[in-house]
Structure formats: structure tokens, C-alpha cells
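K.L.:
build the 3D model from these lines:
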Amino acid sequence: MGISLDVIRPADSLAARRLLIAPLARLMSDAYLEALSGWVQAGGVLVTVAHTALQDEWATYRSPMGGALAKVIGVRVARPLDWREPHGPGVQMNGSDEVLPSLPAVQPIQIACDDLEVIARFAPDTPYAGQPAAVRRRFGRGTALHAAVLSVPLLRHLLTDAAALAGVALAQTPMVTTTFVVNSIDLRAIA
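P.N.:
Residues are numbered from 1 along each chain as shown. Model prediction:
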């Protein structure tokens, strides 16, 4: 999508950043979650995906899942990642009949606040029909966007929205699928 990126570690300052994308960042310390929460509240734009912050840095599951980050996003995670279907359930952006494909990895969410906007729902004829698939929430001066399912077209929508909110220009280049192996303790990525 034409966004230059930096790989950051939890010890790195977020102050100079306007947009942070944390795909599948499953392990995060409580201290880092608090730092992210403060950063969003101060004006940052955060994009997360199913599985984010489910465990602390020692791989201990949080209860409730997601901890402080769930409060920023405005959702409760209903249960761990669900792989029930052999194919992804598909999602629909609000106002569209088009069903966007997804992987069969779903982490159902429940709305936990009044100021949350559901921007996509799971498609009809799926076990999650009509449930939130992606949400957006203003939190302080910033915004958090979250996808409850892994879907490249849905992520494209979220990243375009997030870049506009953060004032980050996107080049008109196609989105390239890249595989990252993430060491979730220090978040170093290997392409």
C-alpha cells in the first residue's frame, strides 16, 4: 500500500509515530499495553488484528483476554481464536453487499462500550452472521481499529482508513503479501 515501515521494540518511543500497525502481536507486556493506551489517547492511530495482546510477555493468557488493549479498542474478546470452518467466514463492510474473503481464523468480539463504530460484520450464512468483524473507536484524541478476522481485503480497508486518520499518505501501489516471523518479546521482524 505504499507505507514505509519501521519495526519497533517495546523499549522504543512511540511519541514521533502517528500510525502503529500491530498484526498478530500476540504477546505484549502490561507495561507496553499501558504505553500503547497512552499513545492512542494522546492522538495515535492503532490497527490491531485477532490475537493481539492475548498473552503477556511470558505467554500467560490474560483474563479478560486483551487486557488494557481491549479497553482502548472497546471490545471484549469472547474466546480464543476459532478455526471452526474449513474456509473463512467472509465479511461485509457496512453499506456493501460484497462479501470479502477471509482466512478461517476468527476471534469473536463483543461490543463493550457505547462509542464504538462497527465498520464490518460477518457475512450471512456463517456461524458468526451479523456479528462485528471490524470496529473503529475514538479513544482520547486517537483512534483504534480492530479486525476480528484475518482478511487481506478487510485489512486494506482498515489500513486506508487508518492512514487517512493519521495523515499518512499512501502511494498507489498494490498491497504485497509478506510473511513475517515475529519474536513477540522484542518484536523484531524477519521478512
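K.L.:
ranges for the strands of the chain?
P.N.:
All strands of the chain, identified by DSSP state E, fall at 19-22, 45-49, 75-77, 91-93, 109-111, 116-122, 132-139, 142-147, 181-183, 188-190.
K.L.:
now render the ones you listed as CSV, adding distance to Arg156.
P.N.:
C-betas here are computed from N, CA, C, even on glycine. Putting these into CSV (distance: least, Cβ to Cβ, whole Å) gives the following:
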stretch, distance to Arg156
strand 19-22, 12
strand 45-49, 11
strand 75-77, 21
strand 91-93, 11
strand 109-111, 20
strand 116-122, 12
strand 132-139, 11
strand 142-147, 11
strand 181-183, 21
strand 188-190, 20
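K.L.:
let's have the ones you listed in TSV, adding mean pLDDT, mean neighbour count and distance to Glu34.
P.N.:
As requested, those are arranged in TSV below (pLDDT from 0 to 100; neighbours: other Cβ atoms under 10 Å; distance: least, Cβ to Cβ, whole Å):
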stretch	mean pLDDT	mean neighbour count	distance to Glu34
strand 19-22	88	19	15
strand 45-49	92	25	13
strand 75-77	85	23	18
strand 91-93	92	22	31
strand 109-111	87	19	21
strand 116-122	94	20	21
strand 132-139	95	22	13
strand 142-147	95	25	14
strand 181-183	36	12	21
strand 188-190	34	11	22
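K.L.:
for those strands, which one sits closest to Trp58?
P.N.:
Using Cβ to Cβ as the measure, strand 181-183 is the one of the strands of the chain that comes nearest Trp58, at 14.0 Å.
K.L.:
pLDDT value on the most far-flung residue of the chain relative to its centre, please?
P.N.:
Most distant residue from the mean C-alpha position of the chain: Asp125, 24.2 Å away (Cα atoms, centre = their mean). pLDDT recorded at Asp125 is 83.
K.L.:
look up how far Gln92 lies from it.
P.N.:
11 Å (Cβ to Cβ, to the nearest Å).
K.L.:
same check, this time on Val77
P.N.:
With Cβ to Cβ as the criterion, Val77 and Gln92 are 21 Å apart.
K.L.:
separation between the spatially most central residue of the chain and Ala169?
P.N.:
The centre of the chain sits closest to Thr48, judged by Cα atoms, centre = their mean, with a distance of 1.6 Å. Thr48 is 22 Å from Ala169, where distance means Cβ to Cβ.
K.L.:
and if you look at Ile73?
P.N.:
From Ile73 over to Ala169 (counting by Cβ to Cβ), the distance is 25 Å.
K.L.:
ok, these two, which is more surrounded?
P.N.:
Between Ile73 and Ala169, Ile73 has the larger neighbour count (other Cβ atoms under 10 Å), namely 26 against 9.
K.L.:
wait, which of the strands of the chain is closest to Tyr32?
P.N.:
strand 19-22 (10.1 Å).
K.L.:
can you give me the offset of that closest one from its chain's centre?
P.N.:
Distance, stretch centre to chain centre, for strand 19-22: 8 Å (Cα atoms, centre = their mean, to the nearest Å).
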